[in-house]
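1. I'd like to go over a predicted model; first the sequence, then the structure.
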Amino acid sequence: MEKVSHIEGRAIPFGRKNVDTDVIIPARWLKTVSREGLGQGAFETVRAKDPDNVFDSEEFAGAPILVAGDNFGCGSSREHAAWAMLDLGIRAVIAPSFSDIFAGNAFKNGILTVVLPPEQVQRLLEVAKTDPIFIDLESQSVTTPFQDRFTFEIDPFRKHYLLEGLDEVGLTLERDEAISRYEERLAAGRPWLARGTGVAA
């Protein structure tokens with residue numbers, strides 16, 4: 001997984017509240033187990049209803065940030081929602097609040113979810129229409145070219161996970177020495193349990 005430290009560039013000024021995962025990626029796209037190509041279906045219903053939507057605007061093509069409204073990612077627990085957003089190029093979402101399940105799926109897939117007060121999100125929606133936004137995970141701040149600076153909270157574990165670009169396998173490998181020492185103690189103290197595990201008794 002790619003490390004997440006600084007994310008900067010144009011931000012898609014979406015702003016809609018209560019966007020559920022069926023809006024992010026409709027159910028008909030869930031038949032695939034591949035993450036590739038899901039960006040084509042991302043926000044499909046929004047695109048179909050409004051030919052001038054922000055997702056098909058050349059101005060926001062490849063934008064790494066999405067600015068959204070309250071309760072983003074509500075609805076079903078489909079991980080495809082995070083996959084589709086990544087395939088679209090989105091690496092961070094800024095909103096006043098997120099569904100817990102979506103936030104968890106986003107985090108596990110390397111998408112930073114930034115929670116800010118509604119008035120700050122509204123300011124960023126305005127800035128996003130014309131100028132870039134800058135997110136610094138290390139300092140936990142969001143800034144603009146107009147001297148705006150907003151700070152956000154993030155769980156220390158999630159911050160470490162994103163800064164180091166770790167996935168669940170990577171987290172396990174960080175504990176490789178401790179796991180090896182445990183296996184050695186197991187083989188020495190309870191050899192009957194270690195048989196067949198590949199650990200020499």
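-> Cool, got the structure. Model, not experiment: these values are computed from the prediction. Numbers count the residues shown, from 1 in each chain.
2. lowest-scoring secondary structure element of this structure by mean pLDDT?
-> Every helix and strand of the chain was ranked by mean pLDDT, DSSP states H and E. The lowest is helix 168-174, at a mean of 57.
3. next, the buried residues of stretch 7-15.
-> By 16 or more other CB atoms under 10 Å, the buried positions in stretch 7-15 come out as Ile7, Gly9, Arg10, Ala11, Ile12, Pro13, Phe14, Gly15. In this view, the C-beta of every residue, glycine as well, is placed from N, C-alpha and C.
4. distance between the ends of it?
-> In terms of CA to CA, to the nearest Å, the two terminal residues of stretch 7-15 are separated by 19 Å.
5. one step back: may I see the buried residues of stretch 7-15 arranged in CSV, with distance to Ile154, secondary structure and pLDDT as well?
-> Listed next are the buried residues of stretch 7-15 as CSV, based on distance: CB to CB, whole Å; DSSP: H, G, I helix; E, B strand; the rest coil; pLDDT from 0 to 100:
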residue, distance to Ile154, secondary structure, pLDDT
Ile7, 13, strand, 98
Gly9, 20, strand, 98
Arg10, 23, coil, 98
Ala11, 18, strand, 98
Ile12, 21, strand, 98
Pro13, 23, strand, 98
Phe14, 21, coil, 97
Gly15, 22, coil, 96
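6. pick out the most distant pair among the residues you listed.
-> Within the buried residues of stretch 7-15, two members stand farthest from each other by CB to CB: Ile7 and Gly15, at 18.7 Å.
7. what about this protein, any weak spots by pLDDT?
-> Counting by pLDDT under 70, the chain contains low-confidence ranges at 167-176, 178-180, 186, 193-201.
8. try 80
-> Residue ranges of the chain with pLDDT under 80: 32-34, 167-201.
9. in it, which spans are strands?
-> Counting by DSSP state E, the chain has strands at residues 6-9, 11-13, 65-67, 92-95, 112-115, 133-136, 141-143, 149-151.
10. which one of those is the most hemmed in?
-> The highest average neighbour count among these, using mean count of other CB atoms under 10 Å, belongs to strand 65-67 at a mean of 28.
11. and it, what does it pack onto?
-> Helices and strands touching strand 65-67, by 3 or more CB pairs under 8 Å, 6 or more residues apart in numbering; DSSP states H and E, are strand 11-13, strand 92-95, helix 118-128, strand 133-136.
12. any chance of the ones you listed in CSV, plus distance to Gly39?
-> Supplementary listing: those in CSV, determined by distance: least, CB to CB, whole Å:
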stretch, distance to Gly39
strand 11-13, 13
strand 92-95, 15
helix 118-128, 19
strand 133-136, 21
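13. which of the ones you listed sits closest to Phe72?
-> Closest to Phe72 of the helices and strands packed on strand 65-67 is strand 92-95 (CB to CB; 4.4 Å).
14. rewinding a little: looking at the strands of the chain, which is closest to Asn53?
-> Short answer: strand 11-13, nearest of the strands of the chain by CB to CB, at 9.8 Å.
15. can I assume Gly15 is in contact with Glu126?
-> No - counting by CB atoms under 8 Å, Gly15 stays clear of Glu126, with 9.9 Å between them.
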